[in-house]
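> Give the three-dimensional model of this entry:
(4 chains)
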Number of protein chains: 2
Amino acid sequence: MAAKGRRKLRLKELSSDLGLSITTVSRALAGYSDVSAATRERVREAAERSGYIPSRAGRMLVSGNSGFVGLVVPLRDSHFIDAFLGEFIVGLSQALTEGGRDLAISTATGKRSEVDVLRHVVNGQQVDGVVVNRALMRDARVSYLIDQQIPFVLHGRVPDETRPYVWFDTDGTAAFSEATEMLIDLGHRHFGLLTFSESFTFTHFRRAGLESALKRHGLSLPSEAVASVGRFDEDELARASAALLSLRPRPTAILCATDALAIKLVEVAGSLSINVPSDLSVIGFDNVPVSAYATPGITTFDQRIQESAVNVANMLVQVIDGDVDAVKPRLVKADFIARGSHGPAPAVQRPARAAG
Amino acid sequence: MAAKGRRKLRLKELSSDLGLSITTVSRALAGYSDVSAATRERVREAAERSGYIPSRAGRMLVSGNSGFVGLVVPLRDSHFIDAFLGEFIVGLSQALTEGGRDLAISTATGKRSEVDVLRHVVNGQQVDGVVVNRALMRDARVSYLIDQQIPFVLHGRVPDETRPYVWFDTDGTAAFSEATEMLIDLGHRHFGLLTFSESFTFTHFRRAGLESALKRHGLSLPSEAVASVGRFDEDELARASAALLSLRPRPTAILCATDALAIKLVEVAGSLSINVPSDLSVIGFDNVPVSAYATPGITTFDQRIQESAVNVANMLVQVIDGDVDAVKPRLVKADFIARGSHGPAPAVQRPARAAG
DNA sequence: CAGTCTTTCCAAAACGTTTTGGAAAAGGTC
DNA sequence: GACCTTTTCCAAAACGTTTTGGAAAGACTG
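Model prediction:
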């Protein structure tokens, strides 16, 4: 039943070939000093020549560590997550490989929830720790992992979680605050927000940035100026965009929780003969490749996913190695990417002055 | 040193709690008939309640199978590969999870070649089989895997490889042939090709499609009408594009090995006041998201990466399970996606007639 | 009742590694 | 030469699972 693949060379055969015990060969390869330098070299050379690679199963059994770090990807929102996933995975894998570990990817399907899958991979000691991304407001995965004291790092933050845990996040609040300040400087007074369900924490934080900046300037975000779409559905998104654009007074600046939303909003605006950026400023978040090619280019923020993933992986390795207390949560800034989708507020909205 | 994480429940403890032997519990959970129905149920219930999950290490050791399938991603061309990687990985993982397997991702860095990494993960019996993508003309990975009789499936094909092996590919030759026929119907007579290094097999097959269609119509592709870039470098790409556009007679239709090339070509054409599609038809391949948003939209082919990945994974599972002979290589068609970057050949190139 | 068959369970071995606790040999010291 | 130390090696145990080859007990057969 098992595939062909000629028998693999194991420690037993290698050691008997060398006329040594398994112990000695094992310790020679591990570089211990209780085997003579000459023997050590001889063993190393033989192992190299014969292509011996220790079985991970054996090693795993005795050490209790698998050498794998897990990532559970939910299948449902695949469209939503795809844009980043490749970059994120490459970053994780890159950092892990440097430490001799690998990345194990499991999928959560309808039948088996993400928490189930986590329980499975951890209790089956298939992984030594896990990476969790796309934080949710009341994140069952995070509670579970903290409860069980399983090594993990969250990409994102859960604001309600009071117990300590390790996370890495890009500061969406600061980014949207900065964008809002800039737009206020440009004369904008009527803002709108196009966002996803608040069950994602990133939408929560970005919104908070917008609102806090408005508050600092005595402005506010009326509840009807917030349009939220549940999942990424083209029609729902078009309706939400149209709703925002039919407000009176119409917002002159709309912040979008992601570039995908921004691109659709610009499209809908175009179909209503609302010009971006002269009539409407739009700002996104993520800097997906499409944003550079859309017309106009979408002004946005870049969170350098791959680099973040490298950080997440390195933090997790530290946690796994037991230095939990040495690793502090980290909040990093997003890079502002100015393109063509924002500009000064349209003249008609300003206090009466001569038209330029 | 090892992270906290309370001790995990193992077969030993579970069986002593139940007052049964390890053997009986193991066999009860596996559903063997040599344990009474009553006991079997009692064991199952206890295992469920206490959250017992068998250690993969123990199972691995005795079965010789890890339950993992490997994918090695090269780090160097990360930009090049990123566009697909997420989708490809999701497809693989999805199909594997259904069969109770998982995906293990390793990275090939500068120090360690892809073949090295393959050797490592296979000999360390970390994976039961591997997926190889981005086939190369003389692919060292493929030769190695065939030599070693390691279960694998190649996404792509290696034309020079005479020994049998399992592959899954999208038919780039048919796609480019079809596109060329269509363009010839539209009056085009002067073609160009913008492509990557021929060391990738997909460029080879796509080019073959263009050339064979031209030949059928008594046309040919002069060598100077082929511009090839080594890696994805913006400047080199701009130069190659400009070179194609400065040919006399200038091609009226240029096929591009990938959408990324097509988008850049359209951009360069724009900067030279060459209008797409009225002066120049451009056709890409891949249907990356950007292609839909570029102006004009890029006419291209979709290879449904995620679906391909599901197929690749299922084929590999069959191979691992020993049905190597039952699984045949598969060549599938790409979907033609008509957008705005192609059209009739410009009138000036046609035999003298009145301008429309 | 003796013998056979079935049902239900289990002890022990095997998988490949690392670590523990020596043992043998060699070298030094008085 | 007797004793101690250091160097170099190794047998055995342990990790958690599955499978093999029974054994014990009960049920059936004649």
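> just the CA coordinates of stretch A:83-93, formatted as CSV?
The C-alpha coordinates for stretch A:83-93 follow below in CSV (Å, rounded to 0.1, in the frame of the first residue of the first chain):
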residue,chain,number,x,y,z
ALA,A,83,-4.6,38.7,-1.1
PHE,A,84,-2.3,38.4,1.9
LEU,A,85,-2.0,34.8,2.5
GLY,A,86,0.8,34.1,0.1
GLU,A,87,3.0,36.9,1.3
PHE,A,88,2.2,36.0,4.9
ILE,A,89,3.1,32.4,4.5
VAL,A,90,6.3,33.2,2.7
GLY,A,91,7.3,35.4,5.5
LEU,A,92,6.5,32.9,8.2
SER,A,93,8.2,30.0,6.3
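> quick one: the strands in chain A?
Using DSSP state E, the strands of chain A run over residues A:68-74, A:102-108, A:129-133, A:152-155, A:167-170, A:191-196, A:226-229, A:253-256, A:281-283, A:300-302, A:330-332, A:335-337.
> model confidence over the biggest helix by length in chain A, on average?
Ranked by number of residues, the top helix in chain A under DSSP state H is helix A:78-98. Here helix A:78-98 scores 83 as its mean pLDDT.
> Same check on stretch A:139-158?
The pLDDT scores in stretch A:139-158 average 96.
> In CSV, could you pull the C-alpha coordinates for it?
The C-alpha coordinates for stretch A:139-158 follow below in CSV (Å, rounded to 0.1, in the frame of the first residue of the first chain):
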residue,chain,number,x,y,z
ASP,A,139,-11.9,35.6,19.4
ALA,A,140,-12.6,32.0,20.5
ARG,A,141,-9.2,30.9,19.2
VAL,A,142,-7.4,33.4,21.4
SER,A,143,-9.4,32.5,24.5
TYR,A,144,-8.8,28.8,23.9
LEU,A,145,-5.0,29.2,23.3
ILE,A,146,-4.6,31.3,26.4
ASP,A,147,-6.7,28.9,28.5
GLN,A,148,-4.6,26.0,27.4
GLN,A,149,-1.3,27.8,27.7
ILE,A,150,-0.4,26.9,24.2
PRO,A,151,2.4,28.9,22.6
PHE,A,152,1.0,31.2,20.0
VAL,A,153,1.3,34.7,18.5
LEU,A,154,-1.6,36.6,17.2
HIS,A,155,-1.2,38.8,14.2
GLY,A,156,-3.6,41.6,15.3
ARG,A,157,-5.0,42.4,18.7
VAL,A,158,-8.1,41.6,20.7
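> Any buried residues in it, and which?
Within stretch A:139-158, the residues scored as buried using 16 or more other C-beta atoms under 10 Å in any protein chain shown are A:139, A:141-146, A:148, A:150-158. To be clear about C-beta, it is placed using only N, CA and C from the backbone, and glycine gets the same treatment.
> cool, stretch A:58-68 as well?
Neighbour-count burial for stretch A:58-68, counted by 16+ other C-beta under 10 Å, picks out A:Gly58, A:Met60, A:Leu61, A:Asn65, A:Ser66, A:Gly67, A:Phe68.
> Tell me the one of the residues you listed nearest DNA strand D?
A:Leu61 (3.5 Å; C-beta to the nearest atom of the strand).
> Report the contact partners of that closest one.
The contact partners of A:Leu61, taken as C-beta atoms under 8 Å, 6 or more residues apart in numbering or on different chains, are B:Ser55, B:Ala57, B:Gly58, B:Leu61.
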